[in-house]
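Q: the following block contains a protein sequence and its predicted model.
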Amino acid sequence: MLVNQTAPIPSPHATTRPKISRPSVISQDEALRRILAHVQPLSPRAVELWQAVGSFAAEDVSARFASPPFDNSAMDGYAVVASFCTPGARLRIVGEQPAGLDRGLRMAAGEAIRILTGAPLPVGADAVVMQEDVRSEETEIVINERVEEGEFIRRRGGDVAEGQKILSRGERITAQIAALLAAQGFAETNVGGAARATIISTGDELAPAGAALQPGQIYDSNSVLLHALLTNCRAQIIRAEHCPDRAAEIEAAIRRALDSSDILILTGGVSVGARDLVKPALTAAGATLDLWRVAVKPGKPFLFGRAAQCLIFGLPGNPVSAFVTFQLLVRPALMKLMGAAEHHLLLPVVTAAIADAASNPGDRPHYLRGILRDGIFTLGGRQESHALFGLSRANALLQVQPRTTLAAGASASVLLLD
């Protein structure tokens, strides 16, 4: 039987189904620009140095004094005058300067003072000879090697000059930086505020850990995932709760969060299905919705809004989608909220060779999960948005642009995960 491939001409009396207007999908860059425009850093707070590690400096910090604060010995040995230290020369030992309080010792040519690492350099000395390079004979030493002026001396201010900037506002404080501040006599420092976060997971299909699964149910992994991601960013999780697909319960949970949180993250219920109740619940709770649907894969049904001081993020229910959108769009806002400088907002990007060919026939950038090792990126596991095993092994994301195919061995941009 032949089939007519020509579309039928509609009758002038036929009714036409009206087109449903759907919001346009915006680019990842535009979404991030609009989100960050609404983020104001929290008020700074003073914390002890060990507590500051991982936070961001709230102000520039300058050195209070030079470091080292005095000329001192870099070795155990003898303080000497270099010009009198030719091989075979004999020097008389006239004192000893250990590390600690300066004894105010002085010396002249032809003399030596026993000195330990970090000890103040005696007046008159211009070098230190290592104890391995001399022969000790009770009250004298015999020089075995030629000594150069300035040898094994740490000069005052050789590491840090007085007044030198040692920490910039927005810089992430590491253990090393904390040690530098401690060496300058600081007991505490000012850092960005700690963001208070609430997590709300939604969906009748989710069961808590330990519960017996009913037919059609899965365990709630998104709450754990987001709790861990927020903790890794040093946010304070003040509440994490689950709501079934009931509008009143979701709205009530949202209202509780808005009263006490700087950031609210919801998962599930932000798409277009009949049970996707988050958007109307947010509107009913008084939130302003700024954007919905972002051109990234996985993660298109992403939502951002605001209510008073609280930033609101609606993430897709699939765990990989929630993870990717958190890294691309939530994490930068959280970093800025806690006082990070601009270069800390985004995940670091490196160029790597890809072990496997990767193709993206779609119209959105696709972020593939995998393992970066020794400059080579290897895809890890299945790439569907529900597949947690591959995500659990991933330490990087490969960005594949729309309608692009990358051959095995090609160079590509890879985002490093925390």
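A: Looks like it came in fine.

Q: domain ranges for this structure?
A: As given by automatic domain parsing, the domain ranges for the chain are 28-42+194-344, 45-67+166-191, 72-154, 349-416.

Q: and those as TSV, adding mean pLDDT?
A: Listed next are the domains of the chain as TSV, based on pLDDT from 0 to 100:
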stretch	mean pLDDT
domain 28-42+194-344	93
domain 45-67+166-191	97
domain 72-154	96
domain 349-416	94
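
Q: dump the ones you listed to TSV, plus mean neighbour count and distance to Val160.
A: Yep, even glycine has a C-beta here, placed from its N, CA and C like the rest. TSV is the format used below for the domains of the chain (neighbours: other Cβ atoms under 10 Å; distance: least, Cβ to Cβ, whole Å):
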stretch	mean neighbour count	distance to Val160
domain 28-42+194-344	19	21
domain 45-67+166-191	17	4
domain 72-154	17	12
domain 349-416	16	30
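
Q: quick one, helices of this protein?
A: For the chain, applying DSSP state H gives helices covering 28-36, 49-52, 175-183, 222-232, 247-258, 278-284, 319-325, 331-337, 388-393.

Q: for these, which one sits closest to Pro87?
A: Relative to Pro87, the nearest member of these by Cβ to Cβ is helix 175-183, separated by 38.1 Å.

Q: the closest one: how far from the chain's middle?
A: Mean C-alpha position of helix 175-183 versus that of the full chain (Cα atoms, centre = their mean, to the nearest Å) differs by 19 Å.

Q: packing partners of it?
A: Under the contact definition 3 or more Cβ pairs under 8 Å, 6 or more residues apart in numbering; DSSP states H and E, helix 175-183 sits against helix 49-52, strand 165-167.

Q: got a list of contacts for stretch 40-49?
A: When contacts are defined by Cβ atoms under 8 Å, 6 or more residues apart in numbering, stretch 40-49 is touched by residues 55, 58-59, 178, 181-182, 186-195, 262, 336-339.

Q: give me that answer again for 10 Å
A: Outside stretch 40-49, the residues that touch it by Cβ atoms under 10 Å, 6 or more residues apart in numbering are 51-53, 55-59, 169-170, 173, 175, 177-182, 186-196, 262, 309, 311, 335-340.

Q: quick one: distance of that stretch to the chain centre.
A: Relative to the centre of its chain, stretch 40-49 is centred 17 Å away, using Cα atoms, centre = their mean.

Q: ok, stretch 411-418 next?
A: Stretch 411-418 has its C-alpha centroid displaced from the chain centroid by 14 Å (Cα atoms, centre = their mean).

Q: surely Gly104 is in contact with Ile113?
A: No. Using Cβ atoms under 10 Å, Gly104 is not in contact with Ile113, being 11.6 Å away.

Q: follow-up on the earlier one: for Thr117, which of the helices and strands packed on helix 175-183 is the nearest?
A: Within those, the stretch nearest Thr117 is strand 165-167; the backing value is 23.9 Å (Cβ to Cβ).

Q: list the helices and strands that closest one packs on?
A: Applying 3 or more Cβ pairs under 10 Å, 6 or more residues apart in numbering; DSSP states H and E, we find strand 165-167 packed against strand 61-62, helix 175-183.

Q: partners of that strand in the sheet?
A: Strand 165-167 has its sheet partners listed here by DSSP bridges as strand 61-62 (antiparallel).

Q: hmm, who's touching the strand it pairs with?
A: For strand 61-62, contacts defined as Cβ under 10 Å, 6+ apart pick out 160-169, 171, 173, 177, 180-181, 184, 186, 189-190.

Q: how far off centre is that strand?
A: 22 Å.

Q: Throw the helices and strands packed on helix 175-183 into CSV and include distance to Ile141, thanks.
A: Shown next, in CSV, are the helices and strands packed on helix 175-183 (distance: least, Cβ to Cβ, whole Å):
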stretch, distance to Ile141
helix 49-52, 42
strand 165-167, 39
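
Q: closest one to Gln327 among those?
A: helix 49-52 (24.4 Å).

Q: quick one, phi psi at the nearest residue to Cys85 once chain neighbours are set aside?
A: Among residues not flanking Cys85 along the chain, Val147 sits closest, at 3.7 Å (Cβ to Cβ, 6 or more residues apart in numbering). Here is the backbone geometry of Val147 (degrees, to the nearest 10): phi -110, psi 130.

Q: so Ala394 sits against Leu372, correct?
A: Yes. At 8.9 Å, Ala394 and Leu372 qualify as touching, with contact defined as Cβ under 10 Å.

Q: common neighbours of those two, please.
A: Common neighbours of Ala394 and Leu372 (Cβ under 10 Å, 6+ apart) are Leu417.
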